[in-house]
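Q: coordinates for the following, if possible.
(one chain, ligands or ions: 2)
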Amino acid sequence: MSNQTDRIIIFDTTLRDGEQSPGASLTVEEKLTIARALARLGVDIIEAGFPYASPGDFQAVQKIAETVGTENGPRICGLARASTKDIKAAGEALKPAFKSRIHTFIATSDIHLKHKLKKTRSEVLDIVPEMVAYAKTFTDDIEFSPEDAGRSDPEFMYQVLETAIAAGATTVNIPDTVGYTTPSEFGAIIKGIKDNVPNIDQAIISVHGHDDLGLAVANFLEAVKNGARQLECTINGIGERAGNAALEELVMALHVRRQYFNPFLGRAVDSTEPLTNINTQEIYKTSRLVSNLTGMIVQPNKAIVGANAFAHESGIHQDGVLKNKLTYEIMDAESIGLTNNQIVLGKLSGRNAFRTRLSELGFELSDNDLNNAFLRFKEVADKKKEITDWDLEAIVNDEIQQAPELFRLELVQVSCGDHAVSTATVTLRNPEGKELTDAAIGTGPVDAVYKAINRVVNVPNELIEFSVKSVTAGIDAMGEVTIRLRHEGRTYSGYAANTDIITASARAYISALNRLYGAIQEQSKVNSSEAVLTPQG
Ligand SMILES: CC(=O)SCCNC(=O)CCNC(=O)[C@H](O)C(C)(C)COP(=O)(O)OP(=O)(O)OC[C@H]1O[C@@H](n2cnc3c(N)ncnc32)[C@H](O)[C@@H]1OP(=O)(O)O
Ligand SMILES: CC(C)C(=O)C(=O)O
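A: Ligands and ions are numbered 1, 2, ... in the order given. As a prediction, this is how the structure comes out:
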């Protein structure tokens, strides 16, 4: 294999590194939904998880390998430390995939060797070929990463990469694990690898980077100029700490500035060939899906997918755009799948029009889910004359893409005002099917509702984020509520949309509590199976 491909491979790690964002933890079903969306987006490789990390991660990777890793689907990858138990778990979980990859890694920086791994350089040099060769017994496609490459001694890293490739690594991935390097430094690291690793032509050079200094995307573009051909990125740039390089920014930079990048890929400047396999029209929808399911809100001024990314506010700009869009726009909103938010359906629309529009928007629902979504649509259409694509998306995300419903909201009622004590009454159905009603007072209606819900659910938690925004303009707009809460150091998110923001707030809170309650139940199952296993050794 040669790394001289003239195309950029997009390796999406939303489900692995993205899920490492505090509070972004996803259920197996949610991961499957995102994996399907990534396949529609056209990513080449999905890093679906870290199978050894937990039974849930193992199951998710296995399910994605089975249902999304089909013959025409993307390659499915699992992460593993340089250890036989991790690699074995990855190999087992990936078995159902038509095309699989094991990604194994070990740190090469002296800081990590000394303080974290407590290993010498020569020990690492022995472990790497042994583990790559072991991974090779599960699949031919092996990626190796020298973790913290950005702070590693280049000469040592060259040696490690050479042994990894000699043992069968087909991709070598260079991570700036702590987001420390600058673009020119990162480009020089890639050039150094090309110039100094003797067998580098037998592997693809990949890059992975974090955004601690806001430089991840710039670093990657410099890496492409110096020979990197695979980019590891996440939707909306989510990930550990400040996140990863954002897929949408990288792809659109390569798309919009194609003529600038063509020569670095050995193409004629004016070549119109796309630089990646990404279907850019799927970008906006995928971004919204990931944001809703992870609870990681996209900031309004975020490049490409932020609410303001294509908005022109000031008079001089509006005047220019009205005369010619090119005055202030370097790309079309349509190119990332942003429609004009046109009115699509109303309360007289039927099931067929509803199903057709959802499928045009990329939602493939089972008959049961479609029925539920249709009933919600009719409810909303009774209150809101015009139903836009954004409303439809909010309805599906609220109604269908939810954590398993352990507690269900049956009723919420509030009394509030500037001369009243905010009071809320709620009725919830508990996991055993019993209806429970309670009431509370609070500093405002949402506070009162949350206190009343807490009296019923009775799991201590701290609300750390509450956001409400309208889906579209207008007084009858649906409100979207996203919340994050914390319990014993872990964060859980919830999402809901409704024309009544108090109802949306209550539903979003219950959706987060359902995740928290589900996690407690999972943990108690693990604890009781460990308790059974321990006495028998
Ligand atoms: C840069 C990255 O993003 S790496 C990916 C990060 N993702 C995760 O950590 C996923 C979630 N992690 C987990 O569930 C757990 O940490 C597990 C299951 C992976 C390991 O759990 P534990 O066995 O309890 O180990 P713990 O997390 O406390 O410590 C990590 C151990 O792995 C070792 N280790 C770390 N990286 C590597 C590596 N690449 N190869 C081999 N060993 C490694 C550490 O030195 C430490 O070993 P020690 O226990 O002998 O000191
Ligand atoms: C596992 C590696 C590639 C990683 O996530 C990092 O170094 O940030």
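Q: ok, the most centrally placed residue in the chain to ligand 1 distance?
A: Nearest to the mean C-alpha position of the chain, by Cα atoms, centre = their mean, lies Thr14 at 3.6 Å. From Thr14 across to ligand 1, the span is 13 Å (Cβ to the nearest ligand atom, to the nearest Å). Heads up, the C-betas are built off the backbone N, CA and C, glycines and all.
Q: that residue against Lys31, yeah?
A: No - using Cβ atoms under 8 Å, Thr14 is not in contact with Lys31; the gap is 9.3 Å.
Q: please spell out which residue in this structure sits farthest from the middle.
A: Outermost residue of the chain (Cα atoms, centre = their mean): His419, 44.2 Å.
Q: using the three-state scheme, assign it.
A: With DSSP: H, G, I helix; E, B strand; the rest coil as the basis, His419 sits in coil.
Q: what's the pLDDT at it?
A: As predicted, His419 sits at a pLDDT of 89.
Q: do Thr499 as well
A: pLDDT recorded at Thr499 is 88.
Q: okay, now the nearest residue to it once chain neighbours are set aside: neighbour count?
A: For Thr499, ignoring the flanking residues on the chain, the nearest one in space by Cβ to Cβ, 6 or more residues apart in numbering is Lys383 at 4.6 Å. By the measure other Cβ atoms under 10 Å, the count of residues near Lys383 is 12.
Q: any idea how far Lys383 lies from ligand 1?
A: Distance of Lys383 to ligand 1, computed by Cβ to the nearest ligand atom: 44 Å.
Q: surely that residue meets Asp476?
A: Yes - counting by Cβ under 8 Å, Lys383 touches Asp476, with 6.5 Å between them.
Q: list residues touching both of these two?
A: Common contact partners of Lys383 and Asp476 (Cβ atoms under 8 Å, 6 or more residues apart in numbering): Thr499.
Q: OK, contacts around the nearest residue to the residue nearest to the centre of the chain once chain neighbours are set aside?
A: Nearest non-adjacent residue to Thr14, counting by Cβ to Cβ, 6+ apart: Thr234, 4.3 Å away. By Cβ under 8 Å, 6+ apart, Thr234 lies in contact with Asp12, Thr13, Thr14, Asp17, Gly18, Gly243, Asn244, Ala245, Ala246, Leu247.
Q: now for these: which two are most distant?
A: For those, the maximum inter-member distance is 13.6 Å, found between Asp12 and Gly243 (Cβ to Cβ).
Q: where in the stretch 251-400 of the chain is pLDDT low?
A: The stretch 251-400 of the chain contains residues with pLDDT under 70 at 340-343.
Q: what segments of it are strands?
A: Applying DSSP state E, counting those that start in this stretch to the stretch 251-400 of the chain gives strands spanning 343-345, 387-388.
Q: hey, which of the ones you listed is tucked in deepest?
A: Highest mean neighbour count of those: strand 387-388, a mean of 22 (counted as mean count of other Cβ atoms under 10 Å).
Q: give the pairing partners of that one; include direction for each.
A: Strand pairing for strand 387-388, using DSSP bridges, gives strand 343-345 (antiparallel).
Q: state the distance from the residue farthest from the centre of the chain to Asp141.
A: Relative to Asp141, His419 is positioned 68 Å away (Cβ to Cβ, to the nearest Å).
Q: with Pro300 instead?
A: According to Cβ to Cβ, Pro300 stands 40 Å off from Asp141.
Q: which of those two has more neighbours?
A: Taking neighbours as other Cβ under 10 Å, Pro300 and Asp141 compare with Asp141 leading, 21 against 11.
Q: give the contact list for that one.
A: Residues near Asp141 by Cβ under 8 Å, 6+ apart: Arg75, Lys99, Ser100, Arg101, Ile102, Thr170, Thr171.
Q: any idea whether whichever residue of the stretch 101-250 of the chain sits closest to ligand 1 is helix, strand or coil?
A: Nearest to ligand 1 in the stretch 101-250 of the chain, going by Cβ to the nearest ligand atom, is Ile106, at a distance of 4.1 Å. Three-state call for Ile106 (three-state DSSP): strand.
Q: do Thr425 as well
A: Three-state call for Thr425 (three-state DSSP): strand.
Q: tally up the residues packed near it, please.
A: A count of nearby residues for Thr425, using other Cβ under 10 Å, gives 16.
Q: and the one 10 residues further on, by the same measure?
A: The burial count assigned to Glu435 is 12, neighbours taken as other Cβ under 10 Å.
Q: domain parsing for the protein?
A: Taking automatic domain parsing as the reference, the chain has its domains at 9-294, 343-399, 408-525.
Q: now do the buried residues in the helix ranked longest in the chain.
A: Taking DSSP state H as the criterion, the chain has its longest helix at helix 501-533. Residues of helix 501-533 classed as buried: 501-519 (neighbour count, 16 or more other Cβ atoms under 10 Å).
Q: residues in contact with the host helix or strand of Ala448?
A: Using DSSP states H and E, Ala448 falls within helix 445-457. With contacts defined as Cβ under 8 Å, 6+ apart, helix 445-457 is touched by 407, 412, 414, 416, 422-426, 428, 430, 436-442, 461, 463, 466, 502, 505-506, 509-510, 513, 517.
Q: just how off-centre is stretch 19-26 within its chain?
A: Relative to the centre of its chain, stretch 19-26 is centred 9 Å away, using Cα atoms, centre = their mean, to the nearest Å.
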